[in-house]
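Undergrad: quick one, structure for this:
(one chain, ligands or ions: 1)
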Amino acid sequence: MTPTQFTELTNTLVVSCQAEPGLPLDAPIHIEALARSAVIGGASGLRIQGIANIRAVRAATDLPLIGLLKVDRPGTDVYITPTVADVEAVIEAGADIVAFDATDRVRPDTVATLCETVRQAGRLSMADISTAAEGVAAMRVGADIVSTTMSGYTPHSRKLPGPDFELMHELAVAGVPFAAEGRIWTGEEARRAFELGARFVVVGSAITRPDMITRRFIDEALRNPSRTFQGQAAE
Ligand SMILES: CC(=O)N[C@H](C=O)[C@@H](O)[C@H](O)[C@H](O)COP(=O)(O)O
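TA: Prediction:
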């Protein structure tokens, strides 16, 4: 992959294969199986969390791999690849693209430093942002692309039940290259993201989190009074 172009991923679907700690799929063998299944289904790239998971998926495919590390570091709310050491670990595990939080919050290492670390290693940086201003700032300090990942997950961003299409529009108007990510559950939503200018679309939960998919099916069915459905409504 060549920096700033993301040609292999342009107009394609990237599947994020992640499992919450403690859930049954939270093991490298399962994450790798999810990733290989997504590839069979047509995914052009994968977004993988955790060093052991990145290693396992790297060994299984040559497709572009976006790596990240979710970790608690003292003194910060930033949890996606917060430090230079975390970036280096993700690179060492085999990621082609390193995703890290680039939101406007107290952080251990600057976004510029993280971008530079990725660049020096010959990889691409993906800055996870929650507002258009953060996207512009990340590109200014050297990010290769931004992703709308963090919209809804910072105190200062929009809280929406679905994808943040307004943020996508704002990024397009500002000329910021972006991936659309976060709460995309349907093909129609993915298509709209492309229409708004997304380079590629990242889908996670809707494809790789069976517990959430099951929950949605049950809730949807129970909302329809003309049918009976054996299941429990969410509280
Ligand atoms: C906010 C945050 O920590 N997002 C994480 C980033 O890697 C993942 O938990 C999400 O699954 C991923 O962004 C894909 O989004 P969705 O699962 O909604 O399709």
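Undergrad: let me see the contact set for I80.
TA: L68, L69, K70, A99, F100, D101, D128, T149, M150 (Cβ atoms under 8 Å, 6 or more residues apart in numbering). In this view, the C-beta of every residue, glycine as well, is placed from N, C-alpha and C.
Undergrad: and for whichever residue of the chain sits closest to the ligand, the neighbour number?
TA: Proximity of the chain to the ligand (Cβ to the nearest ligand atom) peaks at G204, 2.9 Å away. Counted by other Cβ atoms under 10 Å, the residues lying close to G204 total 20.
Undergrad: among the contacts of I80, the buried ones, what's the ChimeraX command?
TA: Only the buried entries of the contacts of I80 go into this ChimeraX selection, using 16 or more other Cβ atoms under 10 Å:
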select :68,69,99,100,101,128,149,150
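Undergrad: need the residues of this structure near the ligand, please.
TA: Residues of the chain lying near the ligand by Cβ under 6 Å from any ligand atom: 16, 18, 49, 68, 149-150, 153, 181-184, 202-206.
Undergrad: what about the residues you listed, which are in helices?
TA: Those of the residues of the chain next to the ligand mapping onto helices are S205, A206, per DSSP state H.
Undergrad: I figured V84 hits L114, correct?
TA: Yes - here V84 lies in contact with L114, judged by Cβ atoms under 8 Å, at a distance of 6.6 Å.
Undergrad: now the contacts of I80 as JSON lines including pLDDT?
TA: Output for these, formatted as JSON lines (pLDDT from 0 to 100):
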{"residue": "L68", "pLDDT": "99"}
{"residue": "L69", "pLDDT": "98"}
{"residue": "K70", "pLDDT": "98"}
{"residue": "A99", "pLDDT": "99"}
{"residue": "F100", "pLDDT": "99"}
{"residue": "D101", "pLDDT": "99"}
{"residue": "D128", "pLDDT": "99"}
{"residue": "T149", "pLDDT": "98"}
{"residue": "M150", "pLDDT": "98"}
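Undergrad: name the nearest of the contacts of I80 relative to E88.
TA: L69 (10.2 Å; Cβ to Cβ).
Undergrad: who touches that closest one in this structure?
TA: Listed by Cβ under 8 Å, 6+ apart, the contact set of L69 reads Q49, G50, I51, I80, T81, D86, A89, V90.
Undergrad: could you rerun that using 6 Å?
TA: When contacts are counted by Cβ atoms under 6 Å, 6 or more residues apart in numbering, L69 is found next to T81, D86, V90.
Undergrad: quick one, phi/psi of it?
TA: When read as degrees, to the nearest 10, the backbone of L69 gives phi -130, psi 120.
Undergrad: hmm, back to that, quick check, nearest of the contacts of L69 to A27?
TA: V90 (18.8 Å).
Undergrad: can you tell me how far the closest residue to F100 other than its chain neighbours sits from V15?
TA: Counting by Cβ to Cβ, 6 or more residues apart in numbering, T81 is the residue found nearest to F100 once chain neighbours are left out, at 3.7 Å. Computed as Cβ to Cβ, to the nearest Å, the T81 to V15 distance reads 19 Å.
Undergrad: who's more crowded, these two?
TA: Ranked by neighbour count (other Cβ under 10 Å), T81 and V15 place T81 first, with 29 against 24.
Undergrad: hang on, the earlier thing: let's see which of the contacts of L69 end up in strands.
TA: Among these, DSSP state E puts none in strands.
Undergrad: looking at these, which is nearest F6?
TA: Closest to F6 out of the contacts of L69 is V90 (17.6 Å), distances taken as Cβ to Cβ.
Undergrad: what's the weakest-modelled helix or strand in the chain?
TA: helix 210-223 (a mean of 93; mean pLDDT, DSSP states H and E).
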